[in-house]
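> Give me a 3D structure for the following:
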Amino acid sequence: MRKYLTLLLLLTIIPGMMCASTLRKVSVPSRVMGKNVDVNVITPDSEGRHPVVYLLHGWGGGCDNWLGVKPEIKRIADERDMIIVIPSGENSWYWDSPVNPDLQYETFTAKELVKYIDDNFPTLPSRDKRAITGYSMGGQGALWLAMRHPDTFGAVGSLSGGVDIRPFPNNWNMKDAIGPKSKYPDRWEQYALPNHIDDFVKANLAIIISCGSDDFFFEVNEEFHKALKKAGVKHHFIDSPGVHDSKYWNELTDYQLEFFNDYFDGLL
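Model (predicted):
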């Protein structure tokens, strides 16, 4: 009996111990900002080259936040045989700020970081093996970057994303990145994703958008979904119950990573 109990205990413990992916925090130089940026990189424990998923954090966060939102992310990297890259983005909204030279996170993330990862890790360096998503500010950032750099990213997701900034002119440091809406109304229109539907049409992206029905960003997500649908932009929209919190992001991340996995496998 003791032998069988020991075997049962091992069978319970071993699956958690078998995760052998590697988490490294690297300091990535940014020429455009003149500084180094912290980035977490998770590589699976398997040979060969791998597709890459970039995960963007929300406002007030950093590259470690995703490790709290999705503690099982290392195991998922192994299971799905993908490299996961989690950069710091400050409160930049992943834009190249026209008012603050220290916030040039579009160029850093879509160009400098992607090149660094491809040069230093065993990636499959092509758009059809590269995806990007994020939560809240990071959801807006992922859509912004993929729409503007479709030769770099082939698939994109958003979790509770701030997909239309215009209703929130005094929130979350946006005016520190692009200037006050009252002073630069045209600029706020320029940076609003709903004004780039034609660019999404041209970008030919695999798109998945998720937002909780009780989230304060739900209305702008629903309207963005309708605009994409009206323009004939193929996408998946999940409006499941949920609020703007890590519990929702943890649960819905699984759907997005499965979606990306299907994209990498040529199933979408």
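> What residues sit buried inside whatever helix or strand K115 lives in?
K115 belongs to helix 114-120 when assigned by DSSP states H and E. Along helix 114-120, these residues count as buried under the neighbour rule (16 or more other C-beta atoms under 10 Å): V114, Y116, I117. Quick note: C-beta positions are derived from backbone N, CA and C, even for glycine.
> tell me what that helix is packed against?
With contacts taken as 3 or more C-beta pairs under 8 Å, 6 or more residues apart in numbering; DSSP states H and E, helix 114-120 sits against strand 22-30.
> report the longest helix in this protein, please.
Criterion DSSP state H: the longest helix present in the chain is helix 246-264.
> Please state the mean pLDDT value computed over it.
Across helix 246-264, pLDDT averages out at 97.
> begin at 39 from here
With 39 as the first residue, the last one maps to helix 284-302.
> Can you give me the pLDDT of G172?
G172 is given a pLDDT of 98.
> still on that earlier bit, can I get the longest helix of the chain as PDB, trimmed to CA atoms?
Coordinates of the C-alpha atoms in helix 284-302 are reproduced here as PDB (Å, rounded to 0.1, in the frame of the first residue of the first chain):
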ATOM      1  CA  SER A 284      -6.500  39.900 -13.300                       C
ATOM      2  CA  LYS A 285      -9.000  37.100 -12.800                       C
ATOM      3  CA  TYR A 286     -10.600  37.900 -16.200                       C
ATOM      4  CA  TRP A 287      -7.300  38.300 -17.900                       C
ATOM      5  CA  ASN A 288      -6.000  35.100 -16.500                       C
ATOM      6  CA  GLU A 289      -9.000  33.100 -17.800                       C
ATOM      7  CA  LEU A 290      -9.200  34.800 -21.200                       C
ATOM      8  CA  THR A 291      -5.500  34.600 -21.900                       C
ATOM      9  CA  ASP A 292      -5.900  30.900 -22.500                       C
ATOM     10  CA  TYR A 293      -8.300  31.500 -25.400                       C
ATOM     11  CA  GLN A 294      -6.000  34.100 -26.900                       C
ATOM     12  CA  LEU A 295      -2.900  31.800 -26.700                       C
ATOM     13  CA  GLU A 296      -4.900  28.900 -28.200                       C
ATOM     14  CA  PHE A 297      -6.000  31.300 -31.000                       C
ATOM     15  CA  PHE A 298      -2.300  32.200 -31.700                       C
ATOM     16  CA  ASN A 299      -1.300  28.600 -31.600                       C
ATOM     17  CA  ASP A 300      -3.900  27.900 -34.300                       C
ATOM     18  CA  TYR A 301      -2.600  30.800 -36.300                       C
ATOM     19  CA  PHE A 302       1.000  29.600 -36.100                       C
END
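> same for that helix, what does it pack against?
By 3+ C-beta pairs under 8 Å, 6+ apart, helix 284-302 packs against helix 103-107, strand 168-172, strand 193-197, strand 244-248, strand 274-276.
> between those, which one is nearest to D224?
strand 193-197 (24.6 Å; C-beta to C-beta).
> How far away from the center of its chain is the closest one?
6 Å (C-alpha atoms, centre = their mean, to the nearest Å).
> C-terminal to it, what's the next element?
Using DSSP H and E, the next helix or strand after strand 193-197 towards the C-terminus is helix 212-216.
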